[in-house]
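**Q** Next come a sequence and a model predicted from it.
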Amino acid sequence: MEGLASLKAPFQATPFLSSRPKTWDLPTQLNFYKRNSFSTFSVRAQVESTDGSAAVSSSGESVTEALKIKEWEVGMLENEVASSQGIRIRRRPPSGPPLHYVGPFQFRLQNEGNTPRNILEEIVWNKDKEVSQLKERKPLSVLKKALENAPPARDFIGALRAANERTGLPGLIAEVKKASPSRGILRENFDPVEIAKSYEKGGAACLSVLTDEKYFKGSFENLEAIRKAGVKCPLLCKEFIVDAWQLYYARTKGADAVLLIAAVLPDLDIKYMIKICKILGLTALVEVHDEKEFDRVLAIEGIELIGINNRNLETFELDISITKKLLEGERGKIIRERDIIMVGESGLFTPEDIAYVQEAGVRAILVGESIVKQSDPGKGISNLFGKDISI
Ligand SMILES: O=C(O)c1ccccc1NCC(=O)[C@H](O)[C@H](O)COP(=O)(O)O
């Protein structure tokens, strides 16, 4: 059986489940739903067995199965591990999905504690469910086959460096963004390919394509269409990654880079996802918003591209001085020594904003709203920089 344990089939004959008591203490017993988690165990298995073959242990038990059991055992600690790293976002509702099925019975738990605490947590819970369903339809073995037909991955960081050297200004990652939770609809007349081409003409180094449908009205079809239309700018798949499966999926759809959000992912997840990205040829843009997240990310080996999001994704508050604050002092020094490319993200509207974050130390910027709202998004880029950067 491919993939991780599924919410729909929790009653497999595993040591854990066979020791299930006959009398059910529902709130406690149903905690095992939490164990259907993405964990470093599953990622490690994917890193170590990239050919997709299922190894078999000396006892004859499939290693994949054994890892799956381990994952269930460890998954219950997921939120605790995350919170010990200062991560406030819980990966899924603490007491499982509201509706449960057991054989012919269905029942609902008291929903206390199952309300997301903020928009980012809501997005993550929704993404977790969405990915579980998608994975059932397209297991990893299918994605691994599809990788053979994926267009080649292009050099995302190289494109940013080249643009920065050519213009003396931060390389632009221009975002193809129809809507957002904080701003609602940004552009009614939304043709993703037309916008992407206009950005490229206007001098963007790379593009960011929102693929989340529910909150941003984006899609993987948009990403695929832009790639197939021959746009040369490398493409960032702007998703809420909660599972390594999504990295494979993004690559099969033509992504050159993916976003990993430190407010959502514990250190080990980031570490192993970065390894998978390297195997797949994907660039990882790792996003931080405060000092704690920045320090966690700086301690991870192999980081080449870090974004500072000026938007607090829990409250929507925007403050571009966050970029400056995080790059001051020792952290800025480490970045320069390691030649890490820093990206200033969100809330950039004017040439003064660009100058401010460039002065703070960024060599790239990620911009959506201010350019996607313009009738000619390419010209919007010239307005943003205060000059034509296409030449
Ligand atoms: O944009 C939002 O409202 C939002 C809400 C919750 C999670 C993420 C969100 N945005 C993602 C981004 O960070 C931006 O799309 C990106 O940095 C561009 O920002 P902007 O130039 O301000 O559109």
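**A** Sure thing, it's come through.
**Q** how about the residues of the stretch 101-250 of the chain near the ligand?
**A** For the stretch 101-250 of the chain, the contact set with the ligand under C-beta under 6 Å from any ligand atom comprises 119-120, 175, 177, 180-183. To be clear about C-beta, it is placed using only N, CA and C from the backbone, and glycine gets the same treatment.
**Q** pLDDT weak spots in the protein?
**A** 1-77, 95-100, 107-113 (pLDDT under 70).
**Q** where exactly do the strands run in the stretch 51-200 of the chain?
**A** 99-102, 105-108, 171-176, 179-180, 184-185 (DSSP state E, counting those that start in this stretch).
**Q** Quick one, which of these gets closest to Tyr248.
**A** Taking C-beta to C-beta, strand 171-176 is the member of the strands of the stretch 51-200 of the chain nearest to Tyr248, at 21.9 Å.
**Q** List the neighbouring strands of the closest one plus their orientation.
**A** strand 206-210 (parallel), strand 364-367 (parallel) (DSSP bridges).
**Q** ok, Ser83 - contacts?
**A** By C-beta atoms under 8 Å, 6 or more residues apart in numbering, no residues touch Ser83.
**Q** Validate this expectation: Met342 resides in a strand.
**A** Yes - counting by DSSP: H, G, I helix; E, B strand; the rest coil, Met342 is part of a strand.
**Q** what's near enough to touch it?
**A** Per C-beta under 8 Å, 6+ apart, neighbours of Met342: 306-308, 323, 327, 335, 361-364.
**Q** In strands, which of those fall?
**A** 306-308, 364 (DSSP state E).
**Q** And the residue nearest the centre of the chain, how far from the ligand?
**A** Taking C-alpha atoms, centre = their mean, the centroid of the chain lies closest to Ile241, which sits 3.1 Å from it. With distances taken as C-beta to the nearest ligand atom, to the nearest Å, Ile241 is found 13 Å from the ligand.
**Q** is it true that that residue touches Tyr272?
**A** No - the pair Ile241 / Tyr272 is not scored as a contact, 11.9 Å apart, by C-beta atoms under 8 Å.
**Q** Check the offset of the helix or strand containing Val286 from the chain's centre.
**A** Assessed by DSSP states H and E, Val286 sits inside strand 283-288. Relative to its parent chain, strand 283-288 has a centroid offset of 8 Å by C-alpha atoms, centre = their mean, to the nearest Å.
**Q** Just checking: what are the partner strands of it?
**A** strand 257-261 (parallel), strand 305-309 (parallel).
**Q** now the last one: how far from the chain's centre is it?
**A** The chain centre lies 13 Å from the centre of strand 305-309; the measure is C-alpha atoms, centre = their mean.
**Q** got the contact list for that strand?
**A** With C-beta under 8 Å, 6+ apart as the test, strand 305-309 has contacts from 156-157, 160, 257, 259, 283-289, 294, 297, 322-323, 326-327, 335, 340-346, 362, 364, 366.
**Q** wait, does that strand contact the ligand?
**A** Yes - shown here: strand 305-309 in contact with the ligand (C-beta under 6 Å from any ligand atom) through Asn309.
**Q** Convert the C-alpha atoms of that strand to CSV, please.
**A** Coordinates of the C-alpha atoms in strand 305-309 are reproduced here as CSV (Å, rounded to 0.1, in the frame of the first residue of the first chain):
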residue,chain,number,x,y,z
LEU,A,305,17.3,31.5,-0.1
ILE,A,306,15.4,33.0,2.9
GLY,A,307,12.4,35.3,2.6
ILE,A,308,11.4,37.7,5.3
ASN,A,309,7.6,38.2,5.2
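**Q** For it, buried residues please.
**A** Across strand 305-309, burial judged by 16 or more other C-beta atoms under 10 Å covers 305-309.
**Q** and which of those residues is nearest to the ligand?
**A** For the buried residues of strand 305-309, the residue nearest the ligand by C-beta to the nearest ligand atom is Asn309; the value is 5.1 Å.
**Q** Distance-wise, check that closest one relative to Gly361.
**A** For Asn309, the distance to Gly361 equals 15 Å [C-beta to C-beta, to the nearest Å].
**Q** can you redo the residues of the stretch 101-250 of the chain next to the ligand as CSV with neighbour count?
**A** Formatted as CSV, these follow (neighbours: other C-beta atoms under 10 Å):
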residue, neighbour count
Ile119, 15
Leu120, 21
Glu175, 28
Lys177, 25
Ser180, 22
Pro181, 15
Ser182, 15
Arg183, 12
